[in-house]
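Student: okay, sequence plus prediction incoming.
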Amino acid sequence: MENRKNYFHLHLISDSTGETLISAGRAVSAQFQAYAAIEHIYPLVRSRRQLASVLESIDREPGIVLYTIVDEELARLLDLRCRDLGTPCVNLLEPVMTTFQTYLGSPSRRRVGAQHALDADYFARMEALNFTMDHDDGQLPEDYDQADVVLIGISRTSKTPTSIYLANRGIKTANLPAVLDMELPDSLLRATRPLIVGLIATSDRIAQVRENRELGVTQGFDRRDYTDRANIQEELKYARSLCARHGWPLIDVTRRSIEETAAAIVALRPRLR
């Protein structure tokens, strides 16, 4: 019998692609086997306005905050706000940068994304990240035919973190929710370019994640329905029927890491390898 895990929110904020941050956060999370992180990934945060939106998300769903932001003013604002919220906040780069500066006797140039060569692959990843962030959770559905991959699934099937992981590899990814009694956009049904993949999980897994998610107050929202396993099974049945009807492949993410899910998606479309 699978052990029941405790869940916590992990906010990963970067002024670049976020790859360094994601790897570090997952390496540490893996050391706490009784807990599982619900990841909130925010790449390309480079302005006060973008940071303000991130802080609103942290306020709604408090947890551990890790960041790699080289702009000292933005980093200070993030530290101060997290302190006000009583949320642990760690700048992963600063201790390492301080050690380098002390040993080398020279200040850093503090360039955003300095570890990335400005080659064609880098710009492809940046284009994919921008596209993916703009097309998260059903946004801008008219652009689906510009995507390489479109992910569809019910709430809490890891659509967003999987999309961002794929984008970090230059794959333009959109995602949208599968909602009972809500019609799919015509632009998705007409799209011929993207690989469309359904993501599912067991009802127990989804219920556990939903139960550990702090939701903002939304008029008409019923938390009991949201976490009820019978309702979740109906949602999953609907998602499966959608994919079967349109011939879209399904991936069960229950026992898969984000990396494994992404690898399975890439394997479905060899030209993305």
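Tutor: Thanks, I have the structure now.
Student: so, low pLDDT: which residues of the stretch 51-200 of the chain?
Tutor: Where the stretch 51-200 of the chain drops to pLDDT under 70, the residues are 108-120.
Student: kindly recompute the last result at 80.
Tutor: Screening the stretch 51-200 of the chain residue by residue with the criterion pLDDT under 80, one finds the ranges 97, 106-123.
Student: now the strands for it?
Tutor: Listed in chain order, the strands of the stretch 51-200 of the chain (DSSP state E, counting those that start in this stretch) span 64-68, 89-91, 149-153, 173-177, 195-200.
Student: which stretch among these comes nearest Asp143?
Tutor: Across the strands of the stretch 51-200 of the chain, Asp143 has its closest neighbour in strand 173-177 (7.2 Å, C-beta to C-beta). Quick note: C-beta positions are derived from backbone N, CA and C, even for glycine.
Student: put the alpha carbons of the closest one into CSV.
Tutor: Taking Å, rounded to 0.1, in the frame of the first residue of the first chain, the C-alpha atoms of strand 173-177 are listed here in CSV:
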residue,chain,number,x,y,z
THR,A,173,3.6,24.3,-25.0
ALA,A,174,0.0,25.5,-24.3
ASN,A,175,-2.3,23.9,-21.7
LEU,A,176,-6.0,24.1,-20.9
PRO,A,177,-8.3,22.5,-18.3
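Student: now do the buried residues in it.
Tutor: Using 16 or more other C-beta atoms under 10 Å as the burial criterion, the residues of strand 173-177 that qualify are 173-177.
Student: redo the strands of the stretch 51-200 of the chain as CSV? Include distance to Arg224.
Tutor: What follows is the strands of the stretch 51-200 of the chain, written out as CSV (distance: least, C-beta to C-beta, whole Å):
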stretch, distance to Arg224
strand 64-68, 28
strand 89-91, 33
strand 149-153, 22
strand 173-177, 19
strand 195-200, 22
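Student: and of those strands, who's closest to Asn212?
Tutor: Distances from Asn212 to each of those were compared using C-beta to C-beta; the shortest belongs to strand 64-68, at 14.0 Å.
Student: what's the helix or strand for Tyr7?
Tutor: strand 6-14 (DSSP states H and E).
Student: my guess is Gly63 meets Leu12, correct?
Tutor: No: under the criterion of C-beta atoms under 8 Å, Gly63 makes no contact with Leu12, lying 10.4 Å away.
Student: what sits in contact with each of the two?
Tutor: Both Gly63 and Leu12 are contacted by His40, under the criterion C-beta atoms under 8 Å, 6 or more residues apart in numbering.
Student: so for the two, which residue has more residues nearby?
Tutor: Higher neighbour count among Gly63 and Leu12: Leu12, with 25 against 17, using other C-beta atoms under 10 Å.
Student: now do the same contact list for that one.
Tutor: Each residue near Leu12 by C-beta under 8 Å, 6+ apart is listed here: 18, 21-22, 25, 39-42, 66-67.
Student: any idea what it is bridged to?
Tutor: As for beta bridges, Leu12 partners with Ile41, Leu66 under DSSP bridges.
Student: in the sheet, who's paired with the residue lying closest to Ser163 once chain neighbours are set aside?
Tutor: Of all residues not flanking Ser163 in the chain, Thr173 sits nearest, at 4.1 Å (C-beta to C-beta, 6 or more residues apart in numbering). For Thr173, the beta-bridge partners are Val149 (DSSP bridges).
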